[in-house]
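J.: Pasting the sequence and the predicted coordinates here, then a few questions.
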Amino acid sequence: MEIIFIYLFVIGCCLGSFINVVIYRLPLNKSIVYPNSSCPKCNAKIKWFDNLPIISWFLLNGKCRSCKTKIAFSYPIIEFFTGLLVFLNLYAQPAIYSQQPTYITIFLGSIFSVTLFTLALLDFKYYWLPQPLTLGGLILGITSSLLIDLSNDFYQFSYSIYALIASFLGFIFFNLLSHFGRKIFNKPVLGGGDAKLAAMMGSWLGINGLFISIWLTFASAGIFVILGLVLKKIKRNQKIPLGVFLAFSGLLVWYFGNQVFLKIIFFQI
Ligand SMILES: [Zn+2]
């Protein structure tokens, strides 16, 4: 059993290393697979032994081997948290896949959590939810539900229909919010990527999971804004990366399932 812990964590750290590449190159419109990593300052190719997740950063003391330029501490941090997110899928209780064996939820959860984490980081840094990631995640979510359907019962497409309806509802809901928000405040209040992210989350969490996530998103973003204003850490007109709250709410609902949040929403705790 312990060996699975280590495996999942290590795989997660490697995926985290890939996330670092994606969030660095995607905004620059560079290919994420080619060429191999090099130092942005001196262009020295990074050797494999200097590219090990987490470990290499500490061995190199956070500096490039050739030119000694600082490597941001966010690199090992992102690798560590991706490792943690993948590992935690061992305990994930996603409501829509509660009947599935653990290895299925680990596999699907790894894809879902890594995609959400990447989107959260990009929205945090650039207020940007790139379409290849949201739509790619949506296609993966629908495909997963379809594969589960095909493996369980050939004649009932219950998972995939549920996932499709959920993603449709997520998309419509955020487009309506955006429409009315613009009417009321006379300016765009939601980014264009939020509706696509909601659609993607619907395809992984189902209808109930999606709306619980949306509730969590507005509850947490609301608390964040109020606290920020009271403590004078944010300004009145400051943009809020709502995708960060959406992504983390989606992660919580995937790991903890729907029941615990329904109890909180309906004051049963
Ligand atoms: Zn360098």
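T.: Okay, I see it.

J.: Tell me where this structure has helices.
T.: Secondary structure of the chain by DSSP state H: the helices cover 2-25, 55-59, 74-88, 102-126, 131-152, 158-185, 193-230, 242-256, 259-265.

J.: Deepest-packed of these, please.
T.: helix 242-256 (a mean of 24; mean count of other CB atoms under 10 Å). C-beta coordinates here come from the backbone N, C-alpha and C atoms, glycine included.

J.: counting contacts, what elements does it pack onto?
T.: Judged by 3 or more CB pairs under 8 Å, 6 or more residues apart in numbering; DSSP states H and E, the packing partners of helix 242-256 are helix 102-126, helix 193-230.

J.: Output those as CSV; include the columns mean pLDDT and distance to the ion.
T.: Conversion of those to CSV gives the following (pLDDT from 0 to 100; distance: least, CB to the ion, whole Å):
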stretch, mean pLDDT, distance to the ion
helix 102-126, 97, 22
helix 193-230, 96, 33
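
J.: now the ones you listed in TSV, with distance to Gly170?
T.: Output for the helices and strands packed on helix 242-256, formatted as TSV (distance: least, CB to CB, whole Å):
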stretch	distance to Gly170
helix 102-126	14
helix 193-230	3
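
J.: quick one on the thing from earlier: so for Arg65, which of the helices of the chain sits nearest?
T.: Taking CB to CB, helix 55-59 is the member of the helices of the chain nearest to Arg65, at 9.5 Å.

J.: what's near enough to touch Trp204?
T.: Pro94, Ile96, Leu108, Phe112, Gly137, Gly141, Ser144, Ala163, Gly250, Trp254 (CB atoms under 8 Å, 6 or more residues apart in numbering).

J.: Flag every residue of this structure that's near the ion.
T.: Cys39, Lys41, Cys42, Ala44, Cys64, Ser66, Cys67, Thr69 (CB under 5 Å from the ion).

J.: Buried only: go through these for me.
T.: Cys39, Cys64 (16 or more other CB atoms under 10 Å).

J.: Farthest-apart pair in the residues of the chain next to the ion, please.
T.: Farthest pair in the residues of the chain next to the ion, by CB to CB: Ala44 and Thr69, 9.9 Å.

J.: Tell me who's in contact with the spatially closest residue to Ile54 that is not a sequence neighbour.
T.: Leaving aside its sequence neighbours, Ile54 sits nearest to Pro76 (CB to CB, 6 or more residues apart in numbering; 4.6 Å). Contacts for Pro76 (CB under 8 Å, 6+ apart) come out as Pro53, Ile54, Trp57, Phe58.

J.: again, but for Ile11
T.: By CB under 8 Å, 6+ apart, the contact set of Ile11 is Gly83, Val86, Ser110.

J.: Contact partners for the residue lying closest to the second one once chain neighbours are set aside?
T.: I take that to be Val86. Distances taken as CB to CB, 6+ apart put Gly12 closest to Val86, at 3.0 Å, once the chain neighbours are dropped. By CB under 8 Å, 6+ apart, Gly12 lies in contact with Thr82, Gly83, Leu84, Leu85, Val86, Phe87, Ser110, Val114.

J.: how close does the first one sit to Leu210?
T.: Computed with CB to CB, to the nearest Å, the distance linking Thr82 and Leu210 is 23 Å.

J.: Show me the shaky parts of the stretch 51-200 of the chain.
T.: 153-154 (pLDDT under 70).

J.: Over to stretch 234-247 now: how far is its first residue from its last?
T.: Separation of the first and last residues of stretch 234-247 by CA to CA, to the nearest Å is 21 Å.

J.: what's that stretch in contact with?
T.: Stretch 234-247 has contacts (CB under 8 Å, 6+ apart) with 116-117, 119-120, 122-124, 127, 129, 190-191, 193-194, 197-198, 201, 213-214, 216-218, 220-221, 224-225, 228-229.

J.: Tell me the gap between that stretch and the middle of its chain.
T.: 16 Å (CA atoms, centre = their mean, to the nearest Å).

J.: mind listing what Lys41 touches?
T.: Cys64, Cys67, Thr69.

J.: What is the neighbour count of Phe73?
T.: When neighbours are counted by other CB atoms under 10 Å, Phe73 registers 10.
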